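Undergrad: compute the structure for the input listed below.
(one chain, ligands or ions: 1)
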Amino acid sequence: MNVQSAEKLTQLPPYLFVEIDQRKDDAIRAGRDVIDFGVGDPDTPTPQFIIDRMSQAIADPGSHTYAFGIGSEAFRQTIVTYFHKRFGVSLDPQSEVVVLLGSKEGIGHLPIGLIDPGDVVLVPEPGYPVYVSGTIFAGGTCRAMPLTEENHWLPDLAAISPEVARRAKILWLNYPNNPTGACAPRSFFEEAIAFAREYDILIAQDAPYCELYLGEEKPQSILEIDGARDVAVEFHSFSKTFNMTGWRLAFAVGNQDALRLLAKVKSNLDSGVFKAVQAAGMEALSGIDRPEIVELRAMYRRRLDVLANGLRDIGWPVTTPEATFYLWAKCPDGLDSREVCRRALDEADVVVIPGAGFGKTAERFVRFSLTQNEARTREAVERLAGLKW
Ligand SMILES: *Cc1c(COP(=O)(O)O)cnc(C)c1O
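TA: Numbering: from 1, shown residues only. Okay, the predicted model is just below:
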């Protein structure tokens, strides 16, 4: 049999970090001491109180059966309580909350419920690649919204032509933003909601970093804005907040029509989140103010200070992110990000991600993940200081 790729699969954008991955693997295989700021995955373990709840729940036979549907009643109630306490937003647990197997799953499946061939999906560039792949699997067409430094890494909605806007069904936003670390001011969310109303577009706001704020100010939910739930859904994840990337747990909240469609797609493709993981998730979310979680932010903050100050000392024009565990650093002397990444790895055994892999407007930036401890971060800065840029 001659197995051939489906047409849709061939439309997926190429993975643009092949070169850096290859070089990193080569360096590690050659026995070099590589300091890797590439991966967006927390390096410290899931807090013990969450693991303990999981251990208990896994021993209960009641956890072992299918977990069909949109998440347990108790878990959705815990999400509603969190959302009210954190954002002052009251959600209906029956119609405005859907539990997900990680937000990547929900992001990938949402367009399948909403998009027909010919429909447009507006995606930020640079941006998380699943906004694009989900659209392609659904048969839709992506239009990139460039995020630029001049516009504070917010899309310029006024630059979207009315013809494109009329064909658009979903507008992806991601604040706090990966890779830039930018947060959206309330005024931008208001503008996006007005735009979405005018053109009848669903806003899908991806917020996995909303608890990873690095300053005093807590990022807002788009649902805090009056009328937002008429046009918006928001994705929240346990992955980054609680060091639970491998557990696969997230939820979507907001517009009930969109969530009903997402739930319909999901009910045909998956059978819900393991009940023991949902129990652990309840423990995590109820414990969001515990010192372990507060300390995670403080840890990233300390690493950020070491990295940002260190880079500034050696002449990199670094601005401090408001949230996320990324430092989005402008390359020294206007250098191209591919060149900077190549030299950081070849000459200093330091891995950073080239903005060029995310798109044109990011070409002169590189992304550092704050996933190396302070000592290793300091060591990396010292090595980079040894290079002549
Ligand atoms: C990490 C990340 C996700 C995926 O989170 P999961 O809940 O682990 O699937 C989604 N969006 C962005 C922007 C991310 O950085």
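Undergrad: drop to CA atoms for contacts and neighbour counts, all remaining ones
TA: Will do.
Undergrad: does Val99 sit in a helix or strand, and which one?
TA: Assigned by DSSP states H and E, Val99 falls within strand 97-100.
Undergrad: tell me the neighbouring strands of that strand, and mark each as parallel or antiparallel.
TA: Taking DSSP bridges as the criterion, strand 97-100 forms sheet pairs with strand 250-254 (antiparallel).
Undergrad: in whichever helix or strand comes after the partner strand, what's buried?
TA: The first helix or strand that comes after strand 250-254 along the chain, using DSSP H and E, is helix 256-269. Under the neighbour-count criterion of 16 or more other Cα atoms under 10 Å, helix 256-269 has 256, 258-266 buried.
Undergrad: which one of the residues you listed is nearest Gln11?
TA: Distance to Gln11, by Cα to Cα, is smallest for Val265 among these, at 22.0 Å.
Undergrad: list the contacts of Ala284.
TA: The contact partners of Ala284, taken as Cα atoms under 8 Å, 6 or more residues apart in numbering, are 49-50, 242.
Undergrad: buried only: go through those residues for me.
TA: Buried, going by 16+ other Cα under 10 Å: 50, 242, out of the contacts of Ala284.
Undergrad: so stretch 86-105, near the ligand or not?
TA: Yes: interface with the ligand: stretch 86-105 contributes 102-104 (Cα under 6 Å from any ligand atom).
Undergrad: can you list the domains in the chain?
TA: As given by automatic domain parsing, the domain ranges for the chain are 7-46+291-385, 48-286.
Undergrad: mean pLDDT and distance to Met1 added to the ones you listed, as CSV?
TA: Listed next are these as CSV, based on pLDDT from 0 to 100; distance: least, Cα to Cα, whole Å:
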stretch, mean pLDDT, distance to Met1
domain 7-46+291-385, 94, 18
domain 48-286, 97, 25
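Undergrad: buried set for the lengthiest helix in the chain?
TA: Using DSSP state H, we find that the single longest helix of the chain is helix 291-313. Of the residues in helix 291-313, 292-293, 296-304, 306-311 count as buried by neighbour count, 16+ other Cα under 10 Å.
Undergrad: the residue positioned nearest the centre of the chain in helix, strand or coil?
TA: The residue lying closest to the centre of the chain (Cα atoms, centre = their mean) is Pro208, at 5.0 Å. On the three-state scheme (DSSP: H, G, I helix; E, B strand; the rest coil), Pro208 is labelled coil.
Undergrad: near the ligand too, which of the buried residues of helix 256-269?
TA: Okay, of the buried residues of helix 256-269, nothing touches the ligand (Cα under 6 Å from any ligand atom).
Undergrad: for Val98, the count of nearby residues, please.
TA: Val98: 26 surrounding residues under other Cα atoms under 10 Å.
Undergrad: where's it relative to the ligand, distance?
TA: According to Cα to the nearest ligand atom, to the nearest Å, Val98 and the ligand sit 13 Å apart.
Undergrad: circling back: who touches the longest helix of the chain?
TA: Residues contacting helix 291-313 (Cα under 8 Å, 6+ apart): 47, 212-214, 241-242, 317-320, 325, 327, 370-374, 377-378, 381-382, 385.
Undergrad: so how far is that helix from its chain's centroid?
TA: Taking Cα atoms, centre = their mean, to the nearest Å, the mean C-alpha location of helix 291-313 is offset from the chain mean by 19 Å.
Undergrad: do stretch 7-22 as well
TA: Taking Cα atoms, centre = their mean, one finds the center of stretch 7-22 at 19 Å from the center of the full chain.
Undergrad: for that stretch, buried residues please.
TA: Buried, per 16+ other Cα under 10 Å, within stretch 7-22: 12, 20.
Undergrad: show the end-to-end separation of stretch 326-346, please.
TA: Stretch 326-346 has an end-to-end distance of 22 Å (Cα to Cα, to the nearest Å).
Undergrad: coming back round to it: out of the contacts of helix 291-313, which sit inside strands?
TA: When the contacts of helix 291-313 are checked against strands (DSSP state E), the matches are Leu327.
Undergrad: name the nearest residue to Met145, sequence neighbours excluded.
TA: Pro124 (4.7 Å; Cα to Cα, 6 or more residues apart in numbering).
Undergrad: can you tell me the strand partners of the one helix or strand the one you found maps to and which way each runs?
TA: Assigning secondary structure by DSSP H and E places Pro124 in strand 120-125. Using DSSP bridges, strand 120-125 pairs in its sheet with strand 141-146 (parallel), strand 168-173 (parallel).
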